[in-house]
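Undergrad: dropping the sequence and predicted coords here.
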Amino acid sequence: MMKVQKLKLALLVVTLCSCTLFAQKDMAQTFYKHDKFLSSDDLEGRFPGTKGNNEAADYIRKHFKKYGLKKFNSNYYQPFKIFVKPDINKMKSDSVSTQNVVGLLEGSDAKLKNEYIVIGAHYDHWGWGGKGSGSKKKEAFEIHNGADDNASGVAALLCILEELSKPENKPKRSVIFVSFSGEEEGLLGSKYFVNHLPVPKDAVKVMLNMDMVGRLNSEKQLYMGGAGTFPDGVELMKKLGEKSGLNPVVHAGEVGGSDHVSFYKAKISVIGFHTGGHEQYHTPEDDIDLINFEGGALVSKYIYNALKAIADYNQDLYFIKQDKEN
């Protein structure tokens with residue numbers, strides 16, 4: 001039975017990789033467009049509770065609506081409050097309101113559509129920084145645009161949504177798209193989402209997260225952790241790397257430190273994707289001119305293929321704890 005399942009997996013991967021799923025040039029331009037808007041000075045670093053954060057959420061909401069995602073509870077927003085510590089951004093220390101942006105793409109299979117794959121990326125960043133922030137240049141009270149962290153992840157999310165929303169690409173399982181706020185303050189948006197899931201927890205099978213996927217290096221390395229938290233995950237992610245133009249660095253564990261950790265702690269399988277750290281991380285220099293948007297398109301295509309393969313899995317999906325979590 002395992003040989004049959006692995007043969008089916010191999011055939012699925014070959015089919016995905018051999019098809020021209022979308023024009024690479026168009027994808028790169030779309031990735032750049034999304035990242036440029038989200039990381040513009042006009043949004044002032046997208047800190048929770050600010051106009052810029054709300055404008056970013058509205059931009060994501062409009063694209064969720066454009067590509068036909070369904071609302072939960074008649075709303076794309078999942079509002080929550082966070083407490084802003086002293087000396088961050090241009091704000092007093094106080095509780096502020098922010099929101100996750102959430103939408104549903106219903107699956108095509110009569111049975112499997114009652115199972116859910118979550119794909120997400122946080123959209124918040126550090127605003128103007130400040131002594132109490134996570135900025136690496138706390139003395140520099142300047143806009144932290146976060147073009148890589150994490151406008152790039154949201155750009156990938158929207159690129160993937162655009163492709164998956166096409167009728168011919170509809171997955172068997174349902175897919176929940178979510179863009180989190182409050183990640184920089186301690187994964188607050190994803191923690192809130194996991195604690196207030198819009199569907200039964202047991203029905204959520206895998207969560208894919210993108211955090212800093214816009215700086216693909218010359219070796220084309222895409223890093224991922226948690227691939228061993230669901231059956232045959234490591235094998236799938238390596239197989240998808242063939243003819244992808246990327247060199248996937250696949251870890252069974254090493255779950256990492258972004259929003260997918262909130263899901264892993266709730267015993268939900270995860271994969272976290274990133275293209276690696278850099279000197280501009282959490283500084284005002286993390287800007288659009290350093291984004292590798294052609295690389296971002298390659299990464300988006302790879303993660304799209306991973307999402308589609310997992311959503312169409314013919315075998316049961318279940319959580320596998322990893323000993324090496326970090």
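TA: Cool, got the structure.

Undergrad: from now on I want contacts and neighbour counts done on CA atoms only, so please keep to that.
TA: Noted.

Undergrad: could you pull out the helices for the stretch 151-300 of the chain?
TA: With helices called from DSSP state H, counting those that start in this stretch, the stretch 151-300 of the chain shows them at 152-164, 188-195, 233-241, 260-264, 293-311.

Undergrad: next, the buried residues of the helix or strand hosting Lys65.
TA: Using DSSP states H and E, Lys65 maps to helix 51-66. Neighbour-count burial for helix 51-66, counted by 16 or more other CA atoms under 10 Å, picks out 52-54, 56-57, 60-61, 64.

Undergrad: pull the residues that contact it.
TA: By CA atoms under 8 Å, 6 or more residues apart in numbering, the residues outside helix 51-66 that reach it are 38, 42-48, 76-77, 98-101, 103, 123-124, 158, 161, 179.

Undergrad: make a PyMOL selection of the buried ones in the residues you listed.
TA: To isolate the buried subset of the contacts of helix 51-66 in PyMOL, counting by 16+ other CA under 10 Å, use the following:
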select buried, resi 38+43+44+45+46+47+48+76+77+98+99+100+101+103+123+124+158+161+179
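
Undergrad: can you tell me which of the contacts of helix 51-66 are in helices?
TA: 38, 158, 161 (DSSP state H).

Undergrad: could you find the closest non-adjacent residue to the first one?
TA: The shortest distance from Leu38 to any residue other than its chain neighbours is 5.7 Å, reached at Ala151 (CA to CA, 6 or more residues apart in numbering).

Undergrad: could you do the second one as well?
TA: Closest residue to Leu158 in three dimensions, ignoring its sequence neighbours and counting by CA to CA, 6+ apart: His63, at 7.3 Å.

Undergrad: any weak-confidence spans in the stretch 1-150 of the chain?
TA: The model of the stretch 1-150 of the chain has pLDDT under 70 over residues 1-23.

Undergrad: for it, what spans make up the strands?
TA: Under the criterion DSSP state E, counting those that start in this stretch, the stretch 1-150 of the chain contains strands at 77-84, 94-105, 116-122.

Undergrad: to Gly257, which of the ones you listed lies closest?
TA: strand 116-122 (12.6 Å; CA to CA).

Undergrad: partner strands of the closest one and their direction?
TA: Its sheet considered, strand 116-122 pairs with strand 174-180 (parallel), strand 204-210 (parallel) by DSSP bridges.

Undergrad: list of residues touching that strand?
TA: By CA under 8 Å, 6+ apart, the surrounding residues in contact with strand 116-122 are 150, 153-154, 157, 173-183, 203-211, 259, 307, 310-311.

Undergrad: report the distance from it to the chain centre.
TA: Remark: strand 116-122 is offset 6 Å from the chain centroid, using CA atoms, centre = their mean, to the nearest Å.

Undergrad: now the angle from it to helix 152-164?
TA: If you take axes from the mean of the first three to the mean of the last three CA atoms, to 10 degrees, strand 116-122 sits at 140 degrees to helix 152-164.

Undergrad: tell me what angle strand 116-122 forms with helix 188-195.
TA: 160 degrees.

Undergrad: what angle sits between strand 116-122 and strand 94-105?
TA: Per the same axes, to 10 degrees, the angle that strand 116-122 makes with strand 94-105 is 140 degrees.

Undergrad: may I have strand 116-122 as CSV, with CA atoms only?
TA: In CSV, the C-alpha atoms belonging to strand 116-122 read as follows (Å, rounded to 0.1, in the frame of the first residue of the first chain):
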residue,chain,number,x,y,z
TYR,A,116,-8.9,22.3,5.6
ILE,A,117,-5.4,23.4,4.6
VAL,A,118,-4.4,26.8,6.0
ILE,A,119,-2.0,29.1,4.1
GLY,A,120,-0.9,32.3,5.7
ALA,A,121,1.6,35.2,6.0
HIS,A,122,1.7,38.1,8.5
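
Undergrad: closest to Tyr264 out of the strands paired with strand 116-122?
TA: Smallest distance to Tyr264 across the strands paired with strand 116-122 (CA to CA): 8.6 Å, for strand 204-210.

Undergrad: list the buried ones in that closest one?
TA: Within strand 204-210, the residues scored as buried using 16+ other CA under 10 Å are 204-210.
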